[in-house]
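Engineer: Sequence first, then the predicted structure:
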Amino acid sequence: MDHEQRAAIEAECARLPLLYAKYADNGDHAALADLFSADATYARPFDTPLCGRESIQAMFRDRKPILVRHIVTNVMVEVIDERHAKGTSYLTMLSNHASTQPPQEAGGLYVGDFEDEYVRTDEGWKFASRGGMVMLHIGGQLPRPRSAQDA
Amino acid sequence: MDHEQRAAIEAECARLPLLYAKYADNGDHAALADLFSADATYARPFDTPLCGRESIQAMFRDRKPILVRHIVTNVMVEVIDERHAKGTSYLTMLSNHASTQPPQEAGGLYVGDFEDEYVRTDEGWKFASRGGMVMLHIGGQLPRPRSAQDA
Amino acid sequence: MDHEQRAAIEAECARLPLLYAKYADNGDHAALADLFSADATYARPFDTPLCGRESIQAMFRDRKPILVRHIVTNVMVEVIDERHAKGTSYLTMLSNHASTQPPQEAGGLYVGDFEDEYVRTDEGWKFASRGGMVMLHIGGQLPRPRSAQDA
């Protein structure tokens, strides 16, 4: 793989966390799900892992709409081969669950790490897996794990 | 347009929101105005829209200096053709209006969306339009619209 | 220097502040020190300037581990020549000094400016100098200068 090919893969994969934020923030669950490979896994913070694009879409489609912004930074991509790459990024999240009408006061500010695996499919580069973990927050509360919420 | 041309336009346009932040934060209103096309429009949050590079410069030149940082993230550019592009970004803003001597406590943290149109002029790529909107904040207050402030 | 060479240098140098954040946040003081040239200088906020890669590594190696995230944004690189470049970035920092076990409440959020000089060495592009300065913060306290702390 030459330098140019590698740079092109890096640019395409680095775009995925930004598109994820865009679609999560504007509530486009179909476009969001399409960023994942069919059998992708997604381990969200404080949640049970999701397996498969359908489950990922269903989670975003079926939850109550919220006003949220996913601020994505520190995106780094490492190309493994022509069909595989991995990457890390930081996510700073603010949200308000009472109203979707901006502007609103956020319940807190949460900073976390994301670790991604990317795979080249016939429809282009997709998330093969995402794993997120909250590291630090200001204000707000840490959500209880979903298993506890659902109990 | 080939992939290389497109990537070059994307890189040039993606630089504009960062330069905007730089010049807004160091108070260089002439350089800031020069990022806009002569007839650009700029709809700032909580303000009446500005029309034309002169009006944009005047607003930044004539206001009281403040200590402010514009944190720019989630920059995405979509090339339309060789002379037009559009883009989105998130802005996280902190400021202190009492002193310009750092470090200072910020009055709040504001997160908003920007939607830009870019145009290639004889002097390179410029903002044809900017539109900003605050989505979420932590602490601080939401400014009253200028029309109310000026009343 | 042609456009492609310049873009390659920009990409390599723009990666250094992100790698700095990564290694500072995961406590890899050896990899962090290796981002600096042998005789680099590093002026941290609220601290006496460090001179030389060894001193920089020692500072990170010998301090008590903390839970910290360095959010890096607004990265801009200006290529000077084939062996020199300079750059600016914003750093948003959150940390908790009581526990390294995430998630934790951060003591505050600090936003600052970094000014870097980059140099191409036989081992690739490195920081020749870093200078950081806190501009604004939310919550938390401003640390006393080290000279006062050590007194």
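Structural biologist: That came through fine. Since this is a predicted model, take the numbers as computed values, not measurements. Numbering: from 1, shown residues only, chains lettered A, B, ... in the order given.
Engineer: Could you use CA atoms for every contact and neighbour count after this?
Structural biologist: Will do.
Engineer: what's in contact with stretch A:113-122?
Structural biologist: Applying Cα atoms under 8 Å, 6 or more residues apart in numbering or on different chains, the contact partners of stretch A:113-122 are A:13, A:37, A:82-91, A:125-135.
Engineer: Which secondary structure state does A:Gln5 sit in?
Structural biologist: Secondary structure for A:Gln5, judged by DSSP: H, G, I helix; E, B strand; the rest coil, is helix.
Engineer: any idea how far C:Ala14 is from it?
Structural biologist: For A:Gln5, the distance to C:Ala14 equals 19 Å [Cα to Cα, to the nearest Å].
Engineer: Those two: who's more crowded?
Structural biologist: Counted by other Cα atoms under 10 Å in any protein chain shown, A:Gln5 and C:Ala14 do not tie: C:Ala14 has more neighbours, with 20 against 12.
Engineer: what's the distance between the more buried one and chain A?
Structural biologist: C:Ala14 sits 11 Å away from chain A, going by Cα to the nearest Cα, to the nearest Å.
Engineer: Tell me if I'm right that that residue and C:Val77 touch.
Structural biologist: Yes - C:Ala14 is within contact range of C:Val77, at 6.4 Å (criterion: Cα atoms under 8 Å).
Engineer: Quickly list what's touching both of the two.
Structural biologist: Counting by Cα under 8 Å, 6+ apart, the residues touching both C:Ala14 and C:Val77 are C:Gly87.
Engineer: Any idea how far stretch A:84-97 is from the middle of the chain?
Structural biologist: In terms of Cα atoms, centre = their mean, to the nearest Å, the centre of stretch A:84-97 is set 5 Å apart from its chain centre.
Engineer: how would you label A:Ala98: helix, strand or coil?
Structural biologist: coil.
Engineer: hang on, it packs against A:Pro65?
Structural biologist: No - between A:Ala98 and A:Pro65 there is no contact, the gap being 9.4 Å when judged by Cα under 8 Å.
Engineer: before we move on, back to that, restrict the contacts of stretch A:113-122 to contacts with chain C.
Structural biologist: The overlap between these and the neighbours of chain C (Cα under 8 Å from any Cα of the partner chain) comes to A:Tyr90, A:Val134, A:Met135.
Engineer: ok but the second one is inside a helix, no?
Structural biologist: Read it as A:Val134. No - A:Val134: not assigned to a helix; according to three-state DSSP it is strand.
Engineer: tell me which parts of chain A are close to chain C?
Structural biologist: So chain A meets chain C at A:Thr73, A:Asn74, A:Val75, A:Met76, A:Tyr90, A:Val111, A:Val134, A:Met135, A:Leu136, A:His137, A:Ile138, A:Gly139 (Cα under 8 Å from any Cα).
Engineer: Find the closest residue to chain C in chain A.
Structural biologist: Here chain A gets closest to chain C at one residue, A:Met135, 4.4 Å apart by Cα to the nearest Cα.
Engineer: From what I see, that residue and A:Gly112 are in contact.
Structural biologist: Yes - applying Cα under 8 Å as the test, A:Met135 and A:Gly112 come out as touching, 4.9 Å apart.
Engineer: for the record, mean pLDDT for stretch A:20-29?
Structural biologist: Mean pLDDT, computed over stretch A:20-29, is 97.
Engineer: Mind listing what's buried along it?
Structural biologist: Across stretch A:20-29, burial judged by 16 or more other Cα atoms under 10 Å in any protein chain shown covers A:Tyr20, A:Ala21, A:Lys22, A:Tyr23, A:Ala24, A:Asp25, A:Gly27, A:His29.
Engineer: list the contacts for the fifth one?
Structural biologist: Spelled out, it's A:Ala24. Neighbouring residues of A:Ala24 by Cα under 8 Å, 6+ apart: A:Leu32, A:Phe60, A:His70.
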